[in-house]
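A.B. asks: Quick one: sequence plus predicted model below, questions after.
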Amino acid sequence: MSNAFALAVGKTADAALPRLPGAGVAWLGAARHAHLAAFLRDGLPSARGEAWKYTSLRALEQRVFALGDADAATRTVEAQMLALPGVDGPRLVFVNGAFRADLSCIDDLPEGLELQPLARVLARDAESLRATFAATATDAFDRLNAALAGDGVVLRVAAGARIAVPVQLAYFGAPAAGDLAWHDRAVIELGDGAELTLVEQHGDAGPHAHLGTLVSDIRLQRGARLHWDVLQEAGPGATLIRRSAFRLAADAAVTLHALELGGALTRHAITAELEGARARFVTRGVFAPGGRQHLETRLDIRHLARDTASDALWRGVADGRGRGVLHGAITIEAGADGAAAQLGNKNLLLSEQAEIDTQPVLEIHADEVKASHGATVGQLDERALFYLRSRGLPLEQARALLTSAFCRAALDRLDPVPLREHFAVRLARHLPRLAGDSEA
Amino acid sequence: MLTIDNLHVRVAGKDILKGLTLSVKAGETHAVMGPNGAGKSTLGYVLAGRDGYEVIAGTVTYDGIDLLALAPEERAAAGVFMAFQYPVEIPGVNNTYFLRAALNAQRKRRGEQELDSMQFLQLVRERLKVMQLSPDLLNRAVNEGFSGGEKKRNEIFQMAVLEPRLAVLDETDSGLDIDALKQVADGVNALRAADRAFIVVTHYQRLLDYIVPDFVHVLADGRIVESGDRTLALKLEEHGYAWVAGRQPAASAA
């Protein structure tokens, strides 16, 4: 590999690896070296491959990032930026990838909840994280993350524990001397019958153009239930690459809501393996790129057992020169008889230069399954726009009202309700600013 | 209040209005009747300001100002209202929320105080006396899943709340059974006032039994070819529009 990005990774990694938490653990060191070597061998993926067809990394290849932020502990994040309505419980906060004890809240955790920064667990009990670090990583960013992740989340809910308060995981980018790369990893496990609501927040604490990668490994045992709400408001210069990988045992259920608003270049890959019978996976979300933003969401949902169900409902809105991508792959494997899968993606283009690529892929190898998918790309209904204006609403307000309404179906079942309203407010505030640099 | 002078309008490259002239004073109700394709709906849309209606000649003066220079929302704030022949369904937008946003946008533009939710609720309660609408319809998405009659009643209810000075009713009778027609007409009649004018556009004279106009105009091929009092509507009913078509050359020659 000869591009600037990979060269910089190679140069900084040798110095960085011995300083990472858990560096003394032999298997972990070996795994990190193997992931790094694989990354350096293949580098960043090209747009020629199917997986990165719609998201070019050519500009990123030419950029150089310092690894980690030595001054992360002193960066300012206003308390109000962390405040989310209906969310006032345990919280882990990361600034430029590093855990911030002063902003977090992990005292007096509810019975049955374990919540710690990953660095602490790596230092004390790395063995319990062997599965996530030793697993084969196939994607370049997964490799980079597995090799260099220095912090993150370890969250475990004991069997039968129902955690009543939402847990907040907040990742903020803050200004630093130069562009930084940070790599965090979240390991989340719900025991048999456990229940949890998790709120993942990505925020902006000032101008920066950092690269962040976040890999979340989420495991649900039998009958566990997880609500996962994602509010992505990364800074306008940020590059944010995430994978949320779910594995569900029998009767487990995940409901994920995501609002993707921020960042210059972001990609969120959501993979789900429905391994146990009757496991259920619901994703709903809105992505709204404007200006010159590029926001990609990928779904890769695999039905591996009988009577599993998945339901994906996404809305995309693009304005200015914004570009949105939704890749939705559903595979129903042999033996997953009785599976039901549904994927719907409607998109709205608000300007001539905006673009949305939607790509539903359905593969079925089982019998007696119910599967459907549909995707559309359209524009605001001129008749509706005129109707609203004829009653006195100014054009911009009428457009924002119709656009919010278009997105509503994707967020109207989000819990808790105060957070649902907050998502709607954040979306409504984001929309009028979408047009951004359309003339640039 | 409203003076339309020699109005020519082109839609999708086709001339629809070809020299329409009409004058409406405050307090008056004018019926504009005509066969399909005469340009009735175009008249409503061009007054409300819909895109795609190209004015190639003529003027429309409303309260001394050039109405055609205003954006649709500016016309609304100036007091122009059109009840749509086909009210648009807007999924996801709550009917009451929309109406309050619309009223407050108008008030803001006019430099008036916006209404808070209590004041607005009180206004709604009062206006429901003019046009009955069930709480269910008030809280549903705008026109979504409304029956034809409910949509038309919703238009009149909106008019009652927004209190326009010039209201254009575009075939408000179409698709209504006789009971719904009476309800809608009662709502309109309750809103008739000395400072408010109506233009009632219709194909059938039936509506005019309930909304009795001061003047009746016959629109054919983009022009008003005949004007009179309400007896003109009865004459039309008797002879049909073919009778008007026969009159048209005389009118063009004039």
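C.D. replies: Yes, it's here.
A.B. asks: CA only for contacts and neighbour counts going forward, please
C.D. replies: Will do.
A.B. asks: which parts of the stretch 301-440 of chain A sit against chain B?
C.D. replies: Residues of the stretch 301-440 of chain A lying near chain B by CA under 8 Å from any CA of the partner chain: A:383-384, A:386-395, A:401-402, A:405-406, A:408-409.
A.B. asks: Buried ones among the residues you listed?
C.D. replies: By the neighbour-count criterion of 16 or more other CA atoms under 10 Å in any protein chain shown, those include these buried positions: A:384, A:386-395, A:401-402, A:405-406, A:408-409.
A.B. asks: Among these, which ones are in helices?
C.D. replies: A:384, A:386-390, A:395, A:401-402, A:405-406, A:408-409 (DSSP state H).
A.B. asks: Most widely separated two among the residues you listed?
C.D. replies: For those, the maximum inter-member distance is 25.7 Å, found between A:S390 and A:A409 (CA to CA).
A.B. asks: one step back: going by distance to A:R48, which of the ones in helices among the buried ones among the residues of the stretch 301-440 of chain A next to chain B wins?
C.D. replies: Ranking these by separation from A:R48, with CA to CA as the measure, puts A:F406 on top at 33.4 Å.
A.B. asks: Would you mind confirming that the closest one makes contact with B:G92?
C.D. replies: Yes. Contact criterion CA atoms under 8 Å: A:F406 and B:G92 qualify, at 6.7 Å.
A.B. asks: Do you have the helices of the chain handy? List them.
C.D. replies: Defaulting to chain A. Using DSSP H, the helices of chain A run over residues A:4-16, A:26-42, A:58-61, A:79-82, A:118-125, A:130-134, A:140-148, A:382-390, A:395-411, A:417-430.
A.B. asks: Actually, chain B is the one I wanted.
C.D. replies: When assigned using DSSP H, the helices of chain B occupy the ranges B:40-48, B:72-77, B:95-109, B:117-127, B:135-139, B:148-162, B:178-191, B:231-239, B:241-253.
A.B. asks: quick one: which of those helices is nearest A:Q293?
C.D. replies: helix B:95-109 (30.5 Å).
A.B. asks: Where does the prediction get shaky in chain A?
C.D. replies: Within chain A, the stretches falling below the threshold (pLDDT under 70) are A:1-2, A:433-440.
A.B. asks: The residue in it sticking out farthest from the centre: what's it in contact with?
C.D. replies: Distance from the C-alpha centroid of chain A, by CA atoms, centre = their mean, peaks at A:S390 (40.5 Å). Each residue near A:S390 by CA atoms under 8 Å, 6 or more residues apart in numbering or on different chains is listed here: B:A48, B:G49, B:P72, B:E73, B:R75, B:A76, B:F81, B:M82.
A.B. asks: The second one and chain A: what is the separation?
C.D. replies: Spelled out, that is B:G49. With distances defined as CA to the nearest CA, to the nearest Å, the gap from B:G49 to chain A amounts to 8 Å.
A.B. asks: got the contact list for the residue nearest to that residue when sequence neighbours are not counted?
C.D. replies: Counting by CA to CA, 6 or more residues apart in numbering or on different chains, B:G49 lies nearest to B:P72, which is 4.9 Å off, once chain neighbours are set aside. B:P72 makes contacts with A:F386, A:R389, A:S390, A:G392, B:A48, B:G49, B:R50, as judged by CA under 8 Å, 6+ apart.
A.B. asks: so the fourth one sits right up against B:R100, yeah?
C.D. replies: No. The pair A:G392 and B:R100 fails to qualify as a contact (CA under 8 Å) at a distance of 10.4 Å.
A.B. asks: For beta bridges, what are the partners of B:R223?
C.D. replies: For B:R223, the beta-bridge partners under DSSP bridges are B:A220.
A.B. asks: Now do the same contact list for it.
C.D. replies: With CA under 8 Å, 6+ apart as the criterion, the residues that contact B:R223 are B:L17, B:K18, B:G19, B:L20, B:T21, B:A38.
A.B. asks: Tell me which entries of those lie within strands.
C.D. replies: When DSSP state E defines the strands, the subset of the contacts of B:R223 inside them is B:L17, B:K18, B:G19, B:L20, B:T21.
A.B. asks: Identify the residues contacting the first one.
C.D. replies: So the one you mean is B:L17. When contacts are counted by CA under 8 Å, 6+ apart, B:L17 is found next to B:L7, B:H8, B:V9, B:R10, B:G39, B:T42, B:L43, B:D221, B:G222, B:R223.
A.B. asks: Leaving out sequence neighbours, find the closest residue to the first one.
C.D. replies: On the basis of CA to CA, 6+ apart, the spatially nearest residue to B:L7 that is not a chain neighbour turns out to be B:G58, at 4.1 Å.
A.B. asks: what about the one you found, how many neighbours?
C.D. replies: Neighbours of B:G58 under the rule other CA atoms under 10 Å in any protein chain shown: 15.
A.B. asks: my guess is it meets B:D5, correct?
C.D. replies: Yes. Taking contacts as CA under 8 Å, B:G58 lies within contact range of B:D5: 5.5 Å.
A.B. asks: list the residues that contact both of the two?
C.D. replies: B:G19.
A.B. asks: just the helices of chain B: most buried one?
C.D. replies: With neighbours defined by mean count of other CA atoms under 10 Å in any protein chain shown, none of the helices of chain B is more surrounded on average than helix B:72-77, at a mean of 26.
A.B. asks: Hmm, B:G148 is touching B:D177, no?
C.D. replies: No. Using CA under 8 Å, B:G148 makes no contact with B:D177, being 9.7 Å away.
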